[in-house]
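> Quick one: sequence plus predicted model below, questions after.
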Amino acid sequence: MLAKITPLILTYNEEPNIARTLEQLTWATRIVVIDSYSTDETLSILHSYPQVEIFQRKFDSFASQCNYGLERITSEWVLSLDADYIVTNELIDELKVLTTEAGINSYKVRFKYCVFGKPLRGTLLPPRKVIYRRDKAIYKDDGHAHRVYVEGNSGMFSGYIHHDDRKPLSRWLWAQDRYMLLEVNKLLETPNNELSKGDRIRRQKILAPFIILFYCLILKGGILDGWAGWYYALQRMLAEIILSIRLIEYEKFYHNQNFKS
């Protein structure tokens, strides 16, 4: 099965992460990377892996970048990864012996979030479709994120992917502020009855940060992970606080106008 899979990765200034991601993809004969004109050492690292093929495209949205990447893949199957996703050995072993079933066009994988390289007991990341038939898939934007839509049924692997982002906190804050602008637009432009329960709570601004803190520390067991668990919980709480501040800002300064950064 491995010979039928092409990993697809998006990059922009991923020097702290990309080498660890690629080290777990040495089995791939071709890796397609869509780079948004990185200015750090990302490109130098990518060039050191002979199976990597780099395409550069100015970033407009995650979905557009991914769909552009799909057009450059010729294999039957795609393994879609972020530049800070580490494919575990257990998942690779499953892929080696995978026999695809009729009607199964995608496979979901569970995630473990890592802090300082340590996998946490529980995180907010749900299972995602990351392995799918190329000709059955298309990406669409969803708030600050993006989602792949795949025709047909989906299976589930037992192995994990580790989400292990080691970029500095300043980069994380920069990214979260950009993401939350998109989330504000999503929350305010979507009718209330079409929002999930979680998004309806986020739209109220006050409760979401405290719910996330309690959920990460207590319900997901983060408090048992020591400082790594606290770091993750406080990080997720801060992201929700940024969203709340942006929502308040919109109501006070941009009411009845298009929300702009």
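Arrived safely, thanks for sending.
> Tell me which strands the least confident helix or strand in the chain by mean pLDDT pairs with, and in which orientation.
The least trusted helix or strand in the chain, going by mean pLDDT, DSSP states H and E, turns out to be strand 145-150, with a mean of 88. Strand 145-150 has the following sheet partners, assigned by DSSP bridges: strand 137-142 (antiparallel).
> and the strand it pairs with, C-alpha only, in PDB?
Taking Å, rounded to 0.1, in the frame of the first residue of the first chain, the C-alpha atoms of strand 137-142 are listed here in PDB:
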ATOM      1  CA  ALA A 137     -11.500  14.400  -2.600                       C
ATOM      2  CA  ILE A 138     -11.900  18.200  -2.500                       C
ATOM      3  CA  TYR A 139     -11.000  20.700   0.200                       C
ATOM      4  CA  LYS A 140     -13.300  23.500   1.500                       C
ATOM      5  CA  ASP A 141     -12.500  26.300   4.000                       C
ATOM      6  CA  ASP A 142     -14.200  26.100   7.400                       C
END
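> Determine the three-state secondary structure at Ile242.
helix (DSSP: H, G, I helix; E, B strand; the rest coil).
> Pull the contacting residues for it.
Contacts for Ile242 (CB atoms under 8 Å, 6 or more residues apart in numbering) come out as Gln176, Asp177, Met180. Where you see a C-beta, it was placed from the backbone N, CA and C, and this is true even at glycine.
> residues making contact with stretch 136-153?
Stretch 136-153 is contacted from outside by 61-64, 66-67, 70, 78, 80, 103-106, 129, 132-133, 178-183, 185-187, using CB under 8 Å, 6+ apart.
> could the contacts of Ile242 go into TSV alongside secondary structure, neighbour count and pLDDT?
Shown next, in TSV, are the contacts of Ile242 (DSSP: H, G, I helix; E, B strand; the rest coil; neighbours: other CB atoms under 10 Å; pLDDT from 0 to 100):
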residue	secondary structure	neighbour count	pLDDT
Gln176	helix	19	92
Asp177	helix	15	91
Met180	helix	22	91
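> Secondary structure element holding the closest residue to Leu219 other than its chain neighbours?
Using CB to CB, 6 or more residues apart in numbering and skipping residues adjacent in sequence, the residue nearest Leu219 is Gly122, 7.7 Å away. For Gly122, there is no host helix or strand (DSSP states H and E).
> Contacts only, for Lys129.
Ser106, Tyr107, Lys108, Val148, Val150, Ser154.
> and the nearest residue to the fifth one once chain neighbours are set aside, bridged to which residues?
Counting by CB to CB, 6+ apart, Val150 lies nearest to Ser106, which is 4.1 Å off, once chain neighbours are set aside. Per DSSP bridges, the residues bridged to Ser106 are Tyr132, Ser154.
> gap between Ser106 and Leu125?
17 Å (CB to CB, to the nearest Å).
> Give me the more crowded residue out of these two.
Ser106 (22 against 13; other CB atoms under 10 Å).
> any weak-confidence spans in the chain?
The model of the chain has pLDDT under 70 over residues 143-145, 254-261.
> Show the contacting residues for the spatially most central residue of it.
Central residue of the chain (CA atoms, centre = their mean): Asp82, 5.8 Å from the mean position. When contacts are counted by CB under 8 Å, 6+ apart, Asp82 touches Ile9, Leu10, His163.
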